[in-house]
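# Following is a predicted model, sequence given first.
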Amino acid sequence: MTETESTGRRHTRDDVARTALRILDDHGLPDLTMRRLASALDVQPSALYWHFPNKQTLLAELADRIVANGRPALASRAGSTARVEGGAAPTTSTAPADTTAPGWMHATRTEAASLRDALLAYRDGAEVVSSTFALGLGSTEAVDRLASAVALGGFDDDTSRRAATALLHFILGHVSHEQQRMQYDSIGVLAAGAAVSPLDEDDPAAAFGFGVDLLVGGLEFSRSRR
């Protein structure tokens, strides 16, 4: 057994991923380097490649864990909160309380809300998931969950998948903007008197819900025109 194999086996793949998530949450994505991760685990950087062949596959693993952390059974209860970085106040869950809408619409809103909560639970969570999604790495759980919710409305597989992808693009973009604003605010780099939209920064959960409603409502409207 080589020295790299020996040190690599001192920690499991789960140990490496958990430590990487902690560094991500404490320091942010730019400071999540293989060298810093190896130092935290008290191994040589080369030992990490026993578990992950490159940083992209490590980030894909983190993205999968971030998404899995927001399954509706755990995250969609009305009034639940998601921890955000920088000591900011918890963000109220956007899981809808209105259950009078058609089942598929309620399910889709709930899935979108739980994914938002999951992304906000980790510093730079949206950026990690977005970059992994763009590279075609990691699992397809986020799209699968959204597509399954849309399909409850009787839409065909292709429509459900396309709608889910559009929704995920919106979710990732919106949360990425939220997290950037929170980080800038926490370090005091926002310009004094900078314009703040009441539908955006004052109540990002409401702004998010409004955007999801536009997409879901538009999908329902498109069906009514057939």
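Sure, I can see it. What you see is a predicted model, and the numbers here were worked out from it, not measured in a lab.
# which parts of the strand or helix carrying Ala207 are buried?
According to DSSP states H and E, Ala207 maps onto helix 204-224. Using 16 or more other C-beta atoms under 10 Å as the test for burial, helix 204-224 gives 204-205, 207-209, 211-212, 215-216, 219. Where you see a C-beta, it was placed from the backbone N, CA and C, and this is true even at glycine.
# Tell me which other helices or strands that helix touches.
If you count contacts as 3 or more C-beta pairs under 8 Å, 6 or more residues apart in numbering; DSSP states H and E, helix 204-224 packs onto strand 91-92, helix 103-120, helix 157-186.
# so how far is the longest one off the chain centroid?
Centroid separation for helix 157-186 versus its chain: 8 Å, with C-alpha atoms, centre = their mean, to the nearest Å.
# Start the count at 13 instead of 1 going forward.
Got it, the first residue is 13 from now on, which makes the last one we talked about helix 169-198.
# And the helices and strands packed on helix 216-236: which comes nearest Ile35?
Ranking the helices and strands packed on helix 216-236 by proximity to Ile35 (C-beta to C-beta) places helix 169-198 first, at 16.0 Å.
# tilt between the closest one and helix 115-132?
With axes from the mean of the first three to the mean of the last three C-alpha atoms, to 10 degrees as the basis, helix 169-198 and helix 115-132 are set at 40 degrees to each other.
# got the buried residues for helix 169-198?
Buried positions in helix 169-198, judged by neighbour count with 16+ other C-beta under 10 Å: 171-173, 175-176, 179-180, 182-184, 186-188, 190-191, 193-195.
# First-to-last residue distance for stretch 58-77?
23 Å (C-alpha to C-alpha, to the nearest Å).
# can you check stretch 59-66 too?
11 Å.
# buried ones in it?
So, applying 16+ other C-beta under 10 Å, buried residues of stretch 59-66: 59-64.
# average pLDDT for that stretch?
For stretch 59-66, the mean per-residue pLDDT is 94.
# Next: stretch 225-238.
For stretch 225-238, the mean pLDDT works out to 87.
# next one: stretch 78-87
Mean predicted confidence for stretch 78-87 is 70.
# Give me the below-cutoff pLDDT ranges for this structure.
Low-confidence segments of the chain, defined by pLDDT under 70: 13-21, 84-113, 197-213, 238.
# Let me see the backbone angles for the closest residue to Arg22 other than its chain neighbours.
Sequence neighbours aside, Val55 is the residue nearest to Arg22 in space, at 6.4 Å (criterion: C-beta to C-beta, 6 or more residues apart in numbering). Backbone geometry at Val55, expressed as degrees, to the nearest 10, gives phi -140, psi 170.
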